[in-house]
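# here's a sequence, model it:
(chains A and B)
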Amino acid sequence: GAVVSQHPSRVICKSGTSVKIECRSLDFQATTMFWYRQFPKQSLMLMATSNEGSKATYEQGVEKDKFLINHASLTLSTLTVTSAHPEDSSFYICSARLGELGDTQYFGPGTRLTVL
Amino acid sequence: GQNIDQPTEMTATEGAIVQINCTYQTSGFNGLFWYQQHAGEAPTFLSYNVLDGLEEKGRFSSFLSRSKGYSYLLLKELQMKDSASYLCAVRGVIKAAGNKLTFGGGTRVLVKP
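Purely as a prediction, here's the structure:
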């Protein structure tokens, strides 16, 4: 149980285009999902907390108009990187919380974004 | 805020034991997690401590001292596949932080034959 998937696993795009990344909880319902970004040889940095049916909560320094988050159902959250630039190239990872507030977060396999 | 420190790299020999320390200073504490992350992959959950003491799971054990703001992950009988980064993460107080995790920089463990 507690499987989280992400799609696509890898994407290469031109500068200025938008990219959508999907995060799905496959065998459980997740009222809260989290989006992280990880640059090479660095740790995970939380970008935003995605709540089903309400607006996402963004961390300080993360532009909400650039990183659009939609959590339309209990099993799906999407992150759209709008007008991507080379500095947005990174490893984007989502996680979903199983159960109540005190439970563990389970991570998706990540999406490697390369912006040319 | 949260400040989490762990060593950058450690090297150990196959079959040996390695201890990865993690110290934290946080404005609120509601549990500490250890994750394993292989290069290019997402983190996988290893252990969770919220009370003081030792939690053992097979070859992996994790210890927590809340008064000292200190945890360690102990890896026994090291195998080559244990070469990975190990991430220490602290969960904030629920109301203020909404179950957010703050990650340390990760410790890269290299297991040599």
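# and chain B, which of its residues are near chain A?
Contact residues, chain B versus chain A (Cβ under 8 Å from any Cβ of the partner chain): B:30-31, B:33, B:35, B:40-45, B:48, B:87, B:94, B:98-106. Where C-beta positions appear, they are placed from N, C-alpha and C, glycine not excepted.
# isn't residue B:75 right next to residue B:59, touching?
Yes - between residue B:75 and residue B:59 there is a contact at 6.4 Å, judged by Cβ atoms under 8 Å.
# can the helix-or-strand element of chain A with minimal mean pLDDT be found next to chain B?
Sorted by mean pLDDT, DSSP states H and E, the helices and strands of chain A end with strand A:105-107, the least confident at a mean of 87. Yes - Strand A:105-107 reaches chain B (Cβ under 8 Å from any Cβ) through A:105-107.
# any stretches of chain B with poor pLDDT?
Across chain B, the ranges flagged by pLDDT under 70 are B:1, B:94-98.
# switch the cut-off to 90
Judged by pLDDT under 90, chain B has its weakly predicted residues at B:1-3, B:26-30, B:39-42, B:45, B:57, B:91-102.
# what about the helices in it?
Assigned by DSSP state H, chain B shows helices spanning B:94-97.
# returning to that earlier point: separate out the buried members of the residues of chain B next to chain A.
By neighbour count, with 16 or more other Cβ atoms under 10 Å in any protein chain shown, these hold B:30-31, B:33, B:35, B:42-43, B:45, B:48, B:87, B:98-106 as buried.
# mark which of those residues are part of strands, please.
Mapping those onto strands (DSSP state E) picks out B:33, B:35, B:45, B:48, B:87, B:101-103.
# for those, which one is nearest residue A:17?
When these are compared for distance to residue A:17 (Cβ to Cβ), residue B:103 comes out closest, at 29.4 Å.
# wait, the closest one sits on residue B:4?
Yes - using Cβ under 8 Å, residue B:103 makes contact with residue B:4 at a distance of 6.9 Å.
# where do the contact lists of those two overlap?
Jointly contacting residue B:103 and residue B:4 under the rule Cβ atoms under 8 Å, 6 or more residues apart in numbering or on different chains are B:88-89.
# now the helix or strand that contains residue A:49, how far from the centre of its chain.
Residue A:49 is located in strand A:45-51, with elements delineated by DSSP states H and E. How far strand A:45-51 lies from its chain's middle: 7 Å, per Cα atoms, centre = their mean, to the nearest Å.
# wait, residue B:101 touches residue B:90, no?
Yes - here residue B:101 lies in contact with residue B:90, judged by Cβ under 8 Å, at a distance of 7.0 Å.
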